[in-house]
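> below are the sequence and a predicted model for it; my questions follow.
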Amino acid sequence: TVLDAFDQLAGGLATSILAVVMLVWLTAVAVACLVGVGLFLVPATLRGLRAVANRERARLSRWGTEILVPEPGPRRLRAAVADPVVRREVRWLVCHATAGLLIALTGLTLPLSAATDATFPLWWRLVPPEEAAPSPVPLWIVHDWPGAFAVCLLGLGWIAVVAGVAPGLAWLQAWPGRRLLAAA
């Protein structure tokens, strides 16, 4: 389940990066609509939003119950604002581009930090003395072998923590998509 959680977090990282790009584009088009120029970009932007949301639906369907793809969305701004599916997709987009990205980055960098600390006694002499410290947060500077083995034990503790929280992080990242992208 831990490896599946990391696989889900990696897939969620990919879709959250797409969500960030789409959110920036959606915001730019919304601002451009205030002066009228963005109205020409609304149909393509709505198709892009649906494509990113459908990619997330497909990703979530691989890891649980299937999330059905809705009918093609509206192409005009007024109809899109009134469409509840588009509004839920925009809410998901904001959530996944911010919290989903943060959860994915946290869930995927913690194992790297844990592995770095667990292997610390193998390489700590190769780094400059002022940089010989535990990974996530430099708690102390290591000057001797007992300190290096203390960092190793800290790394083993981090591995246990990561194994315990990875499935919860994967669930937390997927929750807004399952809630907002599912058919009404």
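Cool, got the structure.

> report the contact partners of L172.
By C-beta atoms under 8 Å, 6 or more residues apart in numbering, the contact list for L172 reads I103. Any C-beta I mention is one placed from the backbone N, CA and C, and that applies to glycine too.

> no wait, R57
Contacts for R57 (C-beta under 8 Å, 6+ apart) come out as 67-69, 177, 181.

> figure out how far the helix or strand harbouring it is from the centre of its chain.
R57 is part of helix 42-62 when elements are defined by DSSP states H and E. Relative to the chain's own centre, helix 42-62 is displaced by 16 Å; criterion: C-alpha atoms, centre = their mean, to the nearest Å.

> pull the CA atoms of that helix into PDB?
Taking C-alpha atoms only, helix 42-62 is exported to PDB below (Å, rounded to 0.1, in the frame of the first residue of the first chain):
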ATOM      1  CA  VAL A  42     -13.100  31.100 -23.600                       C
ATOM      2  CA  PRO A  43     -14.000  28.000 -25.700                       C
ATOM      3  CA  ALA A  44     -10.400  26.800 -25.900                       C
ATOM      4  CA  THR A  45      -9.900  27.500 -22.200                       C
ATOM      5  CA  LEU A  46     -13.100  25.500 -21.300                       C
ATOM      6  CA  ARG A  47     -11.900  22.600 -23.400                       C
ATOM      7  CA  GLY A  48      -8.500  22.800 -21.600                       C
ATOM      8  CA  LEU A  49     -10.100  22.800 -18.200                       C
ATOM      9  CA  ARG A  50     -12.200  19.800 -19.200                       C
ATOM     10  CA  ALA A  51      -9.100  18.000 -20.500                       C
ATOM     11  CA  VAL A  52      -7.200  18.500 -17.300                       C
ATOM     12  CA  ALA A  53     -10.200  17.500 -15.200                       C
ATOM     13  CA  ASN A  54     -10.700  14.400 -17.400                       C
ATOM     14  CA  ARG A  55      -7.100  13.400 -16.900                       C
ATOM     15  CA  GLU A  56      -7.600  13.600 -13.200                       C
ATOM     16  CA  ARG A  57     -10.800  11.600 -13.500                       C
ATOM     17  CA  ALA A  58      -8.900   8.900 -15.400                       C
ATOM     18  CA  ARG A  59      -6.100   8.900 -12.800                       C
ATOM     19  CA  LEU A  60      -8.500   8.500  -9.900                       C
ATOM     20  CA  SER A  61     -10.500   5.800 -11.700                       C
ATOM     21  CA  ARG A  62      -7.300   3.700 -11.900                       C
END
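
> helices or strands up against whichever helix or strand comes after that helix?
Per DSSP H and E, the first helix or strand lying C-terminal to helix 42-62 is helix 77-82. Judged by 3 or more C-beta pairs under 8 Å, 6 or more residues apart in numbering; DSSP states H and E, helix 77-82 is in contact with helix 42-62.
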